[in-house]
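Undergrad: Sequence first, then the predicted structure:
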Amino acid sequence: MLLAGKTALITGTASGIGAATAALFAKQGAKVVAADINERGGEEVVRRIRAESGEAVFIKTDVGRMDQVEAMVAAGLQQYGRLDIVVSNAAKYAVGTPTDISETDWDRTLAVCLKATWMIGRSTLPGMVAQGGGVFIITGSIHAVRGYAGHSAYQASKGGLLALTRAFAADYAPTVRVNTILPGPVVTGLWDGIDEPERDRLAQRCPLKRNGRPEDIAQVALFLVSDMSSYMTGTSIVVDGGLSAVIGTE
């Protein structure tokens, strides 16, 4: 029960990393404010948490819009009175080189993957300072530190999140800790268009010879929001099966 008495706001909870993180945090004693644009998936995650005697509420939210982010935070505070933990996790994935991607896809990707984290921080960090403490973590990607062809908007957003992590950490220390997780190949809903042979090819590029599970990232998120990481802020943790640490020779 590492999070007993805490309230956690988690975005992108309808599936994948967000759903696994919400479930794990609830098992560790946190009250969960689950947010996602996918109402059906988000409500199902909350139902499962409650079925295991956890506390959770779902708030349908488009995190790419300021008015909905502000409403999400207000609803969470109204439900539980405070937010001790924030996990900015929602993502939007549009494939394309800088010359191929449309302006609409670029703007939407940056809104959901980068601007949303600023908007969430803008709405939650002052309250954490006022209450005397809090933890803010961000789901980034190894796309922030490695180049991949055809992913210009996504990589720009994830690189921006690393800079935003440092900015948040500097502006709100020592009261609030801010860190980022950089997942590698983790099988989530963003992989729906990737067939099994390609998934296996990606797995074999990792020294650990498997793709990640959402639960792998949730465990690291738990470490970062708990007192186990009490001397960490303004940094990132790579969780990619070793992919970015080696140069493949086969």
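TA: Nice, I can see it. These figures come from a predicted structure and were not determined experimentally.
Undergrad: Tell me the confidence at G248?
TA: Confidence at G248, expressed as pLDDT, is 67.
Undergrad: Tell me the helices and strands packed up against the longest strand belonging to the chain.
TA: Identified as the longest strand of the chain according to DSSP state E is strand 176-183. Contacts defined by 3 or more C-beta pairs under 8 Å, 6 or more residues apart in numbering; DSSP states H and E place strand 176-183 against helix 116-131, strand 134-139, helix 152-172, helix 214-225, strand 235-239. Where C-beta positions appear, they are placed from N, C-alpha and C, glycine not excepted.
Undergrad: Is it correct that Q79 is in contact with A56?
TA: No - under the criterion of C-beta atoms under 8 Å, Q79 is not in contact with A56, lying 9.7 Å apart.
Undergrad: anything in contact with each of those two?
TA: V33 (C-beta atoms under 8 Å, 6 or more residues apart in numbering).
Undergrad: and V112, that's in a helix?
TA: Yes - assessed with DSSP: H, G, I helix; E, B strand; the rest coil, V112 lies in a helix.
Undergrad: Neighbour count: Q79 and A56, which is higher?
TA: A56 (24 against 14; other C-beta atoms under 10 Å).
Undergrad: Outside of the strand or helix carrying that one itself, list whatever touches it.
TA: Taking DSSP states H and E as the criterion, A56 maps to strand 55-60. By C-beta under 8 Å, 6+ apart, the list of residues contacting strand 55-60 from outside reads 13, 22, 26, 31-37, 39, 42-43, 45-46, 49-50, 71-72, 75-76, 79-80.
Undergrad: cool, stretch 189-196 as well?
TA: 15-16, 91, 93, 199, 202.
Undergrad: try stretch 209-224
TA: Contacts with stretch 209-224, where a contact means C-beta under 8 Å, 6+ apart, come from 2-3, 16-17, 19-21, 23-25, 28, 87, 135, 137, 139, 179, 181, 183-188, 199, 202-203, 229, 232, 237, 239-241.
Undergrad: Pull out the buried residues from those residues.
TA: Neighbour counting with 16 or more other C-beta atoms under 10 Å marks 2-3, 16-17, 19-21, 23-25, 28, 87, 135, 137, 139, 179, 181, 183-188, 202-203, 229, 232, 237, 239-241 as buried within the contacts of stretch 209-224.
Undergrad: Could you grab the helix/strand/coil label for V69?
TA: Applying three-state DSSP: V69 is helix.
Undergrad: Just confirm V86 is within a helix.
TA: No - using three-state DSSP, the assignment for V86 is strand, not a helix.
Undergrad: So in this protein, where's the weakest helix or strand by average pLDDT?
TA: Least confident helix or strand, the chain: helix 196-204 with a mean of 84, by mean pLDDT, DSSP states H and E.
Undergrad: Format the CA atom coordinates belonging to that helix as CSV.
TA: What follows is helix 196-204, C-alpha atoms only, in CSV (Å, rounded to 0.1, in the frame of the first residue of the first chain):
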residue,chain,number,x,y,z
GLU,A,196,2.6,-10.2,-35.6
PRO,A,197,5.7,-10.7,-37.8
GLU,A,198,6.6,-7.0,-37.4
ARG,A,199,6.0,-7.1,-33.7
ASP,A,200,8.3,-10.1,-33.4
ARG,A,201,10.9,-8.3,-35.5
LEU,A,202,10.8,-5.3,-33.2
ALA,A,203,11.1,-7.6,-30.1
GLN,A,204,14.2,-9.3,-31.5
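Undergrad: Below-threshold pLDDT in the chain: ranges please.
TA: 190-191, 248-250 (pLDDT under 70).
Undergrad: neighbours around K209, how many?
TA: 11.
Undergrad: repeat for S230
TA: Using other C-beta under 10 Å, S230 has 9 neighbouring residues.
Undergrad: for T165, same thing?
TA: For T165, using other C-beta under 10 Å, the count is 24.
Undergrad: isn't it right up against L182?
TA: No - applying C-beta under 8 Å as the test, T165 and L182 come out as separate, 10.3 Å apart.
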